[in-house]
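J.: Need coordinates for the following:
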Amino acid sequence: GATDFTIELWIKGILSENTSGSVSCGTNINWIYGNIIFDRDRYLQDRKFGLSVANGNLIWGISGNGTGDYTICGTSNVLDNQWHNIALQRRISDGYMWMFVDGILEAQADGPNGDISYPDNGVPGNYCSGPCNNSDPFIVLGAEKHDAGSLYPSFSGKIDELRISTALRYATTFIPSTAAFMTDSSTAALYHFNEGNGNFISDAVGQSNGFRNYGGTPAGPDWTTDSPFSVTSSAREENSFSFTIFPNPSSEIFSITCSEKISVIEITDIMGKVIQNEIIKMQRVNIDLTKAAKGIYFVRVTGEKGEYAVRKIVLK
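T.: As a prediction, the model looks like this:
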């Protein structure tokens with residue numbers, strides 16, 4: 001919130017499990033009345049923001065540093081039991097806000113100005129049967145962070161691939177990547193949620209690891225193998241550039257066939273660390289990952305003209 005930022009994530013849910021009614025958008029904080037997906041609130045204080053869904057539409061709001069409040073509303077139903085890519089952006093110079101759904105700009109507005117980062121000297125309010133120390137400083141996913149009551153319901157659904165960046169990533173309509181996000185110089189935090197068990201949530205940047213609070217009735221949140229990315233999907237293919245993996249799903253040894261005669265293969269783990277490089281000649285190469293640990297990897301093949309495509313593989 002002290003710089004330009006982009007928040008990106010994938011969500012999947014159904015309307016019958018997220019029953020918040022429509023809210024009015026504009027100069028208010030009505031995002032807090034939807035089923036809350038992303039909560040960086042500060043209880044009865046400024047410099048806060050969050051994302052929810054109400055009547056199937058996304059609701060995103062920001063409160064400035066004494067500069068007012070603004071909420072913008074999406075226009076499409078994102079609770080149709082399909083995965084949807086969400087990208088939220090804010091420009092620090094004037095507070096301008098953008099909301100993209102599946103790469104389409106659905107809402108924008110001139111929002112509150114100023115620094116909305118959590119203050120280094122921030123003092124949580126005394127509203128949580130005592131000071132809100134255990135909720136106020138955090139980003140919370142899938143629930144209202146202060147457990148303030150039924151007026152502020154939780155999101156019921158699935159979340160994957162959360163990336164927070166200190167830059168504006170999108171200027172116009174874009175095609176969402178169908179592979180996991182990668183880190184770069186603008187990535188402040190990246191959560192793949194690929195742990196599959198336990199309560200530790202790894203940040204691929206390595207600076208802001210998280211944790212799962214498990215409980216309630218019914219107990220949750222639970223891990224799931226459902227993902228917006230299938231094993232056979234292509235992350236990006238330009239100018240008809242493509243490659244195939246055989247067998248697919250893959251074991252530790254597989255072959256790659258490419259549409260170009262000479263290509264470079266890069267295999268990374270979920271943290272973005274390169275574990276193997278290869279060069280394809282005569283359009284085919286065999287890959288041996290028998291020494292690699294079980295888990296999720298990404299295969300990126302770059303062609304002679306710079307086009308590339310990515311596949312996700314799972315070694316079991």
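J.: drop to CA atoms for contacts and neighbour counts, all remaining ones
T.: Noted.
J.: Phe174: neighbour count?
T.: 13 (other Cα atoms under 10 Å).
J.: need the contact list for it.
T.: Contact partners of Phe174, counting by Cα atoms under 8 Å, 6 or more residues apart in numbering, are 103-104.
J.: Mind jotting down where the strands sit in the stretch 1-150 of the chain?
T.: Using DSSP state E, counting those that start in this stretch, the strands of the stretch 1-150 of the chain run over 5-13, 35-40, 48-54, 57-63, 69-73, 84-90, 96-101, 104-110, 140-141.
J.: can you put these in JSON lines and add distance to Ile164 and mean pLDDT?
T.: Shown next, in JSON lines, are the strands of the stretch 1-150 of the chain (distance: least, Cα to Cα, whole Å; pLDDT from 0 to 100):
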{"stretch": "strand 5-13", "distance to Ile164": "5", "mean pLDDT": "97"}
{"stretch": "strand 35-40", "distance to Ile164": "12", "mean pLDDT": "98"}
{"stretch": "strand 48-54", "distance to Ile164": "13", "mean pLDDT": "97"}
{"stretch": "strand 57-63", "distance to Ile164": "15", "mean pLDDT": "97"}
{"stretch": "strand 69-73", "distance to Ile164": "19", "mean pLDDT": "98"}
{"stretch": "strand 84-90", "distance to Ile164": "10", "mean pLDDT": "97"}
{"stretch": "strand 96-101", "distance to Ile164": "14", "mean pLDDT": "97"}
{"stretch": "strand 104-110", "distance to Ile164": "18", "mean pLDDT": "96"}
{"stretch": "strand 140-141", "distance to Ile164": "13", "mean pLDDT": "96"}
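J.: Gly215 is nearest to which of the ones you listed?
T.: strand 140-141 (14.4 Å; Cα to Cα).
J.: so what's Ser165 closest to, chain neighbours aside?
T.: Closest residue in space to Ser165, ignoring its immediate chain neighbours: Thr187 at 4.5 Å, by Cα to Cα, 6 or more residues apart in numbering.
J.: Next: Gly157.
T.: That would be Gly13: by Cα to Cα, 6+ apart, it lies 4.4 Å from Gly157.
J.: any low-confidence regions in the stretch 151-300 of the chain?
T.: Scanning the stretch 151-300 of the chain for pLDDT under 70 picks out the ranges 230-241, 248-250, 270-272, 282.
J.: let's see it at 50
T.: 231-240 (pLDDT under 50).
J.: For it, just list every one of the strands.
T.: Under DSSP E, counting those that start in this stretch, the stretch 151-300 of the chain gives strands at 157-165, 187-191, 200-201, 210-211, 243-246, 253-258, 263-269, 274-280, 284-288, 295-302.
J.: Would you format the ones you listed as CSV with distance to Phe100 and mean neighbour count included?
T.: Below are these laid out as CSV (distance: least, Cα to Cα, whole Å; neighbours: other Cα atoms under 10 Å):
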stretch, distance to Phe100, mean neighbour count
strand 157-165, 14, 21
strand 187-191, 19, 22
strand 200-201, 26, 16
strand 210-211, 26, 13
strand 243-246, 29, 18
strand 253-258, 33, 17
strand 263-269, 28, 19
strand 274-280, 31, 15
strand 284-288, 38, 15
strand 295-302, 26, 20
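J.: Using CSV, please lay out these together with distance to Asp69.
T.: Formatted as CSV, the strands of the stretch 151-300 of the chain follow (distance: least, Cα to Cα, whole Å):
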stretch, distance to Asp69
strand 157-165, 22
strand 187-191, 25
strand 200-201, 31
strand 210-211, 28
strand 243-246, 48
strand 253-258, 52
strand 263-269, 41
strand 274-280, 43
strand 284-288, 54
strand 295-302, 41
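J.: I am finished for the moment; much appreciated.
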